[in-house]
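>>> please work out how this folds:
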Amino acid sequence: TAQAQVLPGEWAAVVGCDRPPAAIRALAGSTGEMVFDLEVRPGAAQALTFAMVVVSQGGAVAARRLAQDALPRCAALLTEKEAQYRRVIAQGPVLHSPSTELNDAFRLAVANLQLLEAEAPTLGRYFYAGLEMFPFWFSNDGAYSGPGLLASGFRESFLNHVRIGLRYQEDGRVPHQVSPSGRLAFRGNAQETPLWVLSVWDAFRWTGDRAFLQEMYPGVVRGLLEYTLGKIDPDGDGYPSGPGMVEVEGMGEEKLDSAAYTWAALQALEEMAAALDDTPTRTRARAWMDKIEAGFEVDWWDETGGSYAMSLQSDNRRYPVPHWAVVTPLEVGLASAEHAAATFATLRAHYLNAWGLKHTAGTDERVWTLPTAALSRAAFRYGETGLGLEMLHHIAQTLEHGPIGLFHELIPEGACIVQLWSAAVLMRGVVEDMLGIAVRADRDEITVRPRIPASWDGARLENLTFGRRRVNVEIRRGGAVTVEDLPE
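Numbering: from 1, shown residues only. As a prediction, the model looks like this:
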């Protein structure tokens, strides 16, 4: 039995076996070992069944009780879990393309997302960000993962994941992290609330749930117009101040990723306001978008570095940092075509390695799945189909390294052994970016503008669900598209 250093009366872990060990030893750090004396005759076999339980409520007493309950039922629990995975995979979408690697990764992604679906008495159903380090609710992770989760069929759990952001909103500010116990762990950074607004829009356009949108909408307006473009944008330029995705010493208060995601969130708010017939808010959102677009290239473009600056100082001087988030204006579609092309050239020359997009060129050569996915989305958006597909293949490579069959946080492996956004952004990248599928479930609409490689004869996506519709999408060389509705 082990108890956490923080909240030891709540967090605890228990490891047990169906027979008592000869010895239990604590080793260095947080490791230990159980020793068993076994006599195994030639040709014979003996089995040991272990149970490991981690709890965030109830401490060691609750953990031991769960372990004692689980061990006698291990066979039945395993059968139940296997049936659940088969059901989830069978209900999810299936990709048929010339790339066997991508087809297999697409199918495995659904299973990885199921692995991270969680439930807690205080929060309901939601998704862990990753294991083993992040068994918590995270706003960022949910936002990036939304389209992939929704395309995979995790409708109700994702809707509740988004609701948690509203429940813990403070003066419009959406939190960064919430513990399964319901304790607020960290308040949100500047980009967090805009990303949550995007997740609300993703949830609505994939589900068509108008009651959900009406429930979230006041928090969306408060979070974006009063907090992001009010409280933390004191100079009113449309660029919120404060920490962004990643901080480097010396950076200014206004961050590139926060500015790009704020513009994208305003675009989403404009659509939400239109869906709810809120003309005044729609007009405000459009006015803010126009203001940001009018000054963005002049304010942020760093001609010397061949990419966008990562931050602005208090006097609006640009402060470049060779960090992956230079791609965010391209990711959301805010970048001009000229500067997007220049950024792609810079990234190819300095930011890419054999695994994808480096975290920070020159100082941190590791490759995360999320930045690589951001580059993939940007590439498909600006017509760089080959680069976009290459980045998707890099994300799929995580399945072949470390624990096989899991989407890790880093490429080829590292940090969390299984990461929510790693599997989800591959799903999103295939469905929305490469196949070019855009859905509006509230209108029963599906639009397909494929960006598949010219060398492919075509691709087929089966069993895609959005709103009340379930469809097969067939794409043939030359761009011909067929959408087949399936019976409910």
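
>>> switch to C-alpha atoms for all contacts and neighbour counts from now on
Fine.

>>> on the three-state scheme, Gly236 is what?
coil (DSSP: H, G, I helix; E, B strand; the rest coil).

>>> now do the helices in the stretch 301-450 of the chain.
328-332, 337-346, 369-381, 385-397, 420-428 (DSSP state H, counting those that start in this stretch).

>>> now do the stretch 1-150 of the chain
For the stretch 1-150 of the chain, helices defined by DSSP H, counting those that start in this stretch occupy the ranges 59-70, 74-91, 100-115, 139-151.

>>> now stretch 102-114, how far from the centre of its chain.
Offset of stretch 102-114 from its chain centre (CA atoms, centre = their mean, to the nearest Å): 14 Å.

>>> alpha carbons only: can I get it in CSV?
Only the C-alpha atoms of stretch 102-114 are listed here, as CSV (Å, rounded to 0.1, in the frame of the first residue of the first chain):
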residue,chain,number,x,y,z
LEU,A,102,-2.7,4.6,-41.3
ASN,A,103,-5.7,2.2,-41.5
ASP,A,104,-4.4,0.2,-38.5
ALA,A,105,-3.5,3.3,-36.5
PHE,A,106,-7.0,4.7,-37.1
ARG,A,107,-8.6,1.6,-35.7
LEU,A,108,-6.2,1.4,-32.7
ALA,A,109,-6.9,5.1,-31.9
VAL,A,110,-10.5,4.3,-31.0
ALA,A,111,-9.3,1.7,-28.5
ASN,A,112,-6.8,4.1,-27.0
LEU,A,113,-9.5,6.7,-26.5
GLN,A,114,-11.6,4.1,-24.7
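
>>> neighbouring contacts of it?
By CA atoms under 8 Å, 6 or more residues apart in numbering, the residues outside stretch 102-114 that reach it are 85, 88-89, 92-97, 149, 152, 392-393, 396, 399, 405-407, 418, 420, 423-424, 426-427.

>>> now a PyMOL select for only the buried ones of those.
Those of these that count as buried under 16 or more other CA atoms under 10 Å are selected in PyMOL with:
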select buried, resi 85+88+89+92+93+94+95+96+97+149+152+392+393+396+399+405+406+407+418+420+423+424+426+427
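
>>> ok so, going back, which one of the helices of the stretch 301-450 of the chain is the most hemmed in?
helix 420-428 (a mean of 29; mean count of other CA atoms under 10 Å).

>>> what is the mean pLDDT for it?
Average pLDDT, helix 420-428: 98.

>>> now do stretch 101-108, average pLDDT.
On average, stretch 101-108 scores 97.

>>> just the buried residues of that stretch, please?
Leu102, Asn103, Asp104, Ala105, Phe106, Arg107, Leu108.

>>> repeat that for stretch 314-327.
Applying 16+ other CA under 10 Å to stretch 314-327 flags Arg318, Tyr319, Pro320, Val321, Pro322, His323, Trp324, Ala325, Val326, Val327 as buried.

>>> who does the biggest helix by length in the chain touch, helix- and strand-wise?
Secondary structure of the chain per DSSP state H: the longest helix is helix 279-300. The contact analysis (3 or more CA pairs under 8 Å, 6 or more residues apart in numbering; DSSP states H and E) places helix 279-300 against helix 256-275.

>>> what does the helix it packs on contact?
Contact with helix 256-275 is made by 190-191, 194-195, 197-198, 201, 213, 217, 220-221, 224, 228, 238-240, 244-245, 279, 281-283, 285-286, 288-289, 292, 300, 308-311, 325-326, 328-329, 332, 334, as judged by CA under 8 Å, 6+ apart.

>>> try 7 Å
Residues outside helix 256-275 that contact it (CA atoms under 7 Å, 6 or more residues apart in numbering) are 190-191, 194-195, 197-198, 201, 239-240, 244, 279, 281-282, 285-286, 289, 309-311, 325, 328-329, 332, 334.

>>> could you give the angle of that helix to helix 279-300?
Per axes from the mean of the first three to the mean of the last three CA atoms, to 10 degrees, the angle that helix 256-275 makes with helix 279-300 is 160 degrees.

>>> could you give the mean pLDDT of helix 256-275?
98.

>>> in that helix, what counts as buried?
For helix 256-275, by 16+ other CA under 10 Å, it's 256-273, 275.

>>> noted, bye for now.
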